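A.B. asks: sharing a sequence plus its predicted fold:
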Amino acid sequence: MLIDSHVNLHGEKFADDLPEVIVRAKEAGVSGLLNICCNIKDFEATLDVAKRSDGIWASVGTHPHDAKDNPEITAEELVKMAKHPKVIGIGETGYDFHYGYSSEAEQVFNFQAHIDAARELQIPLIIHTREADKLMMKTLDREMAKGAFPALMHCYTSGPELAKDADAMGCYFSVSGIVTFKNAHDVRAIIDVMPEDRIMIETDCPYLAPVPYRGRRNEPAYVKEVCQGLADVKGWSFEDTAKRTTDAFFNLFQKADRAELWG
């Protein structure tokens with residue numbers, strides 16, 4: 001039983017074969033998916049994928065790259081959308097200063113609205129962080145002190161200091177196909193010390209396809225390779241890793257129902 005905790009299935013890259021992609025995921029032993037909203041203008045499309053089947057859930061939010069697109073986003077707006085029974089998380093959201101698609105001020109404003117919504121609803125904040133370790137630590141330290149909220153450090157590739165800080169706050173972590181990349185030694189080193197009961201797996205499809213599919217369009221069926229990569233780092237069996245990561249998913253995303261899983 002595998003859960004892909006982060007997919008992007010509502011975009012044009014899956015427009016022609018989404019039903020087949022879902023079938024392949026089921027055949028590969030995937031039992032559930034979380035479809036991620038990266039811009040609130042795409043929320044209905046994100047939700048439509050989740051409505052296709054039990055075992056598929058959705059989030060609501062705006063990615064830091066797209067913060068400029070939602071300059072007046074409010075927690076109230078996010079809370080309203082997140083009350084749909086299929087919506088189990090807020091985000092993805094956070095900071096990303098690699099490309100500079102949105103300014104720091106826009107990203108800070110955007111992230112704050114998401115934090116406030118997650119705290120109000122007590123559903124997980126799905127955090128994207130890249131080249132922003134110090135600001136992310138400062139923000140999380142300040143905001144958790146105001147009132148705790150559940151949080152997931154999605155596709156974690158940042159530094160050990162932020163990982164240690166997030167761990168101390170009780171945050172969960174998700175591991176992507178990067179764990180299988182030949183030169184991802186730093187990422188594997190951090191995964192090795194992640195809390196054993198707070199790790200889950202994801203594809204982040206259509207991006208970051210794991211070895212041996214690297215360079216192709218990623219899809220949920222390939223989360224098997226992510227599971228094996230995590231198992232190899234942690235010294236766990238594949239079956240134990242699948243159980244641990246599935247348990248972690250439901251421990252964090254408490255609005256999701258195990259009874260909806262496939263198979």
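C.D. replies: Yep, that arrived.
A.B. asks: contact partners for His6?
C.D. replies: Listed by CB atoms under 8 Å, 6 or more residues apart in numbering, the contact set of His6 reads 34, 36, 92, 126, 154-155, 174, 176, 202-204. C-beta coordinates here come from the backbone N, C-alpha and C atoms, glycine included.
A.B. asks: take the residues you listed and keep only those in strands.
C.D. replies: If you go by DSSP state E, those have 34, 92, 126, 174 in strands.
A.B. asks: for this protein, just list every one of the strands.
C.D. replies: Using DSSP E, strands in the chain cover 2-7, 30-35, 56-60, 87-96, 125-130, 151-153, 172-175, 199-201.
A.B. asks: elements contacting the last one?
C.D. replies: This points to strand 199-201. strand 2-7, strand 172-175, helix 223-234, helix 238-252 (3 or more CB pairs under 8 Å, 6 or more residues apart in numbering; DSSP states H and E).
A.B. asks: now it, how far from the centre of its chain.
C.D. replies: 9 Å (CA atoms, centre = their mean, to the nearest Å).
A.B. asks: my guess is Glu161 meets Met136, correct?
C.D. replies: No - between Glu161 and Met136 there is no contact under CB atoms under 8 Å: 10.2 Å.
A.B. asks: Asn218 is in contact with Asp204, isn't it?
C.D. replies: Yes - using CB under 8 Å, Asn218 is in contact with Asp204, at 7.0 Å.
A.B. asks: which neighbours do these two have in common?
C.D. replies: With CB under 8 Å, 6+ apart, Asn218 and Asp204 have common neighbours Gly177.
A.B. asks: re earlier: so Glu161 and Met136 - more neighbours on which side?
C.D. replies: Neighbour count, other CB atoms under 10 Å: between Glu161 and Met136, Met136 has more, with 22 against 11.
A.B. asks: who's in contact with the more buried one?
C.D. replies: Contact analysis of Met136 by CB under 8 Å, 6+ apart lists 94-95, 127, 129, 158, 162.
A.B. asks: out of those residues, the closest to Ile22 would be?
C.D. replies: Ile127 (26.5 Å; CB to CB).
A.B. asks: if I look at the closest one, how far off is Val23?
C.D. replies: 31 Å (CB to CB, to the nearest Å).
A.B. asks: next: His154.
C.D. replies: 26 Å.
A.B. asks: picking that back up, pipe the contacts of Met136 into TSV and attach distance to Asp42, neighbour count and pLDDT per row.
C.D. replies: Converted to TSV, the contacts of Met136 look like this (distance: CB to CB, whole Å; neighbours: other CB atoms under 10 Å; pLDDT from 0 to 100):
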residue	distance to Asp42	neighbour count	pLDDT
Gly94	17	28	98
Tyr95	20	24	98
Ile127	19	30	98
Thr129	21	28	98
Ser158	26	20	97
Leu162	28	21	97
